[in-house]
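> pasting a predicted model and its sequence here:
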Amino acid sequence: MAHYMNMNLIITSLVMILISHLPFSSTVNPDKPTKSIIDRICNQTVNFNECELIVTSQLHSPHANIATITEVMTKRALTFATETVSQIQDYLLPNATDTQDKAVFSACEIAYKAVVSRLQSAYTSMKNSDYVAMKAQQNQALGYIDVCVERTNFFRRTPMVAANYYVRLTAKIASIAGQILAPTRPCPLEQNIILYFC
């Protein structure tokens, strides 16, 4: 009984922390071209309304091009992932009493450190206009988030379920925006055979 009360407290605290870091109250009303870009991105996510809310909460003006949206969402995903690592290290691991929870939090700590590293690289690549590297690093970050997702038992209420959802959503938004910014071009057949990618 005490274990479940402790876990519920941890869950509630983490969810409140996650929600508090999403500045939903300061969303902007995007102009028509910007709304069109946001719609194109959010139609490719698991939750259109949350995606739209997250993107508009990161914009500083009603007009934003795809490069701006890619940049702010990569930065938002990085911030979210960094905060998740801190919460795992400072709160979840020290307060976990169940061995299964500790194992999940430890695995997720390792995975999220890799997520942070990849998103830092993606953000740097974005600033340097190296969009091929940016997209590769965004995709690697999504892969590491999935490592944590796979370790999380969705039939048990652990704080990582909420963390994974929001970090993955923001990283996915950044990845979709990155693909729109710099679409992958098909390689000539001979390059495909030799290099497997462009």
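All right, it came through fine.

> pLDDT weak spots in this structure?
1-26, 153-158, 186-198 (pLDDT under 70).

> tell me the buried residues in the biggest helix by length in the chain?
Secondary structure of the chain per DSSP state H: the longest helix is helix 99-127. Going by neighbour count (16 or more other CB atoms under 10 Å), the buried part of helix 99-127 is 101, 104-105, 107-109, 111-123, 125-126. (C-beta placed from N, C-alpha, C; glycine too.)

> check which helices and strands the next helix or strand along the chain from that helix sits against.
Per DSSP states H and E, the first helix or strand lying C-terminal to helix 99-127 is helix 131-151. On a contact count with 3 or more CB pairs under 8 Å, 6 or more residues apart in numbering; DSSP states H and E, helix 131-151 meets helix 66-87, helix 99-127, helix 159-181.

> which residues does the closest residue in space to residue 152 that isn't next to it in sequence contact?
Closest residue to residue 152 apart from its sequence neighbours, by CB to CB, 6 or more residues apart in numbering: residue 160 at 4.8 Å. When contacts are counted by CB atoms under 8 Å, 6 or more residues apart in numbering, residue 160 touches 92, 104-105, 108, 148, 151-152.

> mind checking how far residue 160 is from residue 181?
30 Å (CB to CB, to the nearest Å).

> ok, residue 47 next?
Going from residue 47 to residue 181 by CB to CB gives 22 Å.

> so the nearest residue to residue 61 once chain neighbours are set aside, which state does it fall into?
Spatial nearest neighbour of residue 61, chain neighbours left out: residue 28 (6.6 Å); criterion: CB to CB, 6+ apart. When classified by DSSP: H, G, I helix; E, B strand; the rest coil, residue 28 comes out as coil.

> next, residue 28: phi, psi?
Main-chain dihedrals, residue 28, degrees, to the nearest 10: phi -100, psi 160.

> list the contacts of it.
56, 59-62.

> dump those to TSV, plus neighbour count and distance to residue 165.
Output for the contacts of residue 28, formatted as TSV (neighbours: other CB atoms under 10 Å; distance: CB to CB, whole Å):
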residue	neighbour count	distance to residue 165
56	19	19
59	20	22
60	10	26
61	10	28
62	14	28
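
> taking the centroid of the chain, which residue is nearest it?
Nearest to the geometric centre of the chain sits residue 171, at 2.8 Å (CA atoms, centre = their mean).
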